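A.B. asks: Take this sequence and fold it.
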Amino acid sequence: MYSDALSVGSDLLTGNGIAKFTAIRMLEAKLKQAGEEFDYVMVDLPPSFGGLVRSALYSSDYLIIPCTSDPFSEYCISLIAQMLPQFVADWANGVARFKQNNYGSKEYDDLGKPVYAGWIFNGFDTRSDKMLRADQAHYQKIDEANSNLAGELLLNIEKYTPVRNTGGASFNIGRVEDMNVLIQNSLWLNVPAAKLDQHQQVKGLSGDKQKWSAAQLALIRKIQTQINGVADSIIATL
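C.D. replies: Model (predicted):
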């Protein structure tokens with residue numbers, strides 16, 4: 001319903017309804033007034049460029065891109081390079097229009113400036129401690145695509161620095177391999193995948209449960225390590 005209420009033409013570009021695109025920030029501010037504070041708020045978005053995605057980007061300090069081991073991720077990264085500068089330009093135009101009728105207002109000055117912070121590689125397969133050759137090839141291509149994305153953003157967004165400085169290092173933040181049956185159990189049990197070892201496995205929609213196998217427990221522990229590594233990297237760099 002929130003997504004359907006967002007209109008780029010009549011709300012954003014005219015500046016008349018620009019507040020509609022900052023709902024996440026308004027929610028965070030209200031929670032802070034109620035005594036709840038957050039170090040990080042992570043918003044998981046669909047792979048699209050609709051109003052909901054725009055709203056989240058305008059309210060966010062950083063953008064992190066999850067990439068799976070397939071050719072589509074590389075292609076979609078190139079689309080982000082095309083769309084994000086336009087999103088930023090639309091926001092700047094909307095704020096300028098808003099200020100024409102609200103002279104001196106600064107409430108939106110720090111919004112609409114998402115900084116590309118990096119990417120996470122997920123869904124790859126392993127047979128041992130090493131990534132498979134096909135996944136390694138996808139990793140290298142996606143890593144190059146993300147470097148190209150950073151260059152395009154720096155070239156096409158001038159109002160602020162749109163890319164985190166990595167000192168020339170890869171923009172990859174971390175890796176989380178294919179979770180197989182773990183991910184559906186995470187959804188069914190409403191439990192983070194890294195904490196599934198504290199619960200029994202659900203066999204199917206019937207709800208019957210059984211113990212995890214030794215191999216599954218080993219995978220859960222690997223996922224724990226990988227997710228914690230991603231979190232530590234985000235905390236250290238952002």
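
A.B. asks: When you work out contacts or count neighbours from here on, use the C-alpha atoms and nothing else.
C.D. replies: Fine.

A.B. asks: Now the spatially most central residue of the chain, what are its backbone angles?
C.D. replies: Centroid-nearest residue in the chain: Ile64, 4.3 Å away (criterion: C-alpha atoms, centre = their mean). Dihedral pair for Ile64: phi -120, psi 130, per degrees, to the nearest 10.

A.B. asks: do the same with Gln33
C.D. replies: Given degrees, to the nearest 10, the pair of backbone angles that Gln33 has is phi -60, psi -30.

A.B. asks: Check Leu111 too.
C.D. replies: Dihedral pair for Leu111: phi -100, psi 170, per degrees, to the nearest 10.

A.B. asks: which residues touch the residue nearest to the centre of the chain?
C.D. replies: Neighbouring residues of Ile64 by C-alpha atoms under 8 Å, 6 or more residues apart in numbering: 116-120.

A.B. asks: The same query, at a cut-off of 7 Å, please.
C.D. replies: By C-alpha atoms under 7 Å, 6 or more residues apart in numbering, the residues touching Ile64 are 116-119.

A.B. asks: Can you tell me how far it is from Asp232?
C.D. replies: Distance, Ile64 to Asp232, by C-alpha to C-alpha, to the nearest Å: 14 Å.

A.B. asks: Could you pull up the mean pLDDT of the helix ranked longest in the chain?
C.D. replies: When the chain is parsed with DSSP state H, its longest helix is helix 71-101. In this model, helix 71-101 has an average pLDDT of 93.

A.B. asks: Three-state assignment for Asp39, please.
C.D. replies: What DSSP: H, G, I helix; E, B strand; the rest coil gives for Asp39 is coil.

A.B. asks: Can you give me the neighbour number for it?
C.D. replies: A total of 5 residues lie near Asp39 under the criterion other C-alpha atoms under 10 Å.

A.B. asks: so what's the residue nearest to Pro66 when sequence neighbours are not counted up against?
C.D. replies: Closest residue to Pro66 apart from its sequence neighbours, by C-alpha to C-alpha, 6 or more residues apart in numbering: Ile120 at 4.7 Å. Neighbouring residues of Ile120 by C-alpha under 7 Å, 6+ apart: 65-67, 172-175.

A.B. asks: In stretch 177-184, which residues are buried?
C.D. replies: 177-179, 182 (16 or more other C-alpha atoms under 10 Å).

A.B. asks: how close does the closest residue to His138 other than its chain neighbours sit to Asn146?
C.D. replies: Closest residue to His138 apart from its sequence neighbours, by C-alpha to C-alpha, 6+ apart: Ser69 at 5.7 Å. Going from Ser69 to Asn146 by C-alpha to C-alpha gives 14 Å.

A.B. asks: Over to Asp11?
C.D. replies: Per C-alpha to C-alpha, Asp11 is found 31 Å from Asn146.

A.B. asks: With neighbour numbers in mind, choose between the two.
C.D. replies: Remark: of Asp11 and Asn146, Asn146 carries more neighbours, 25 against 17, as counted by other C-alpha under 10 Å.
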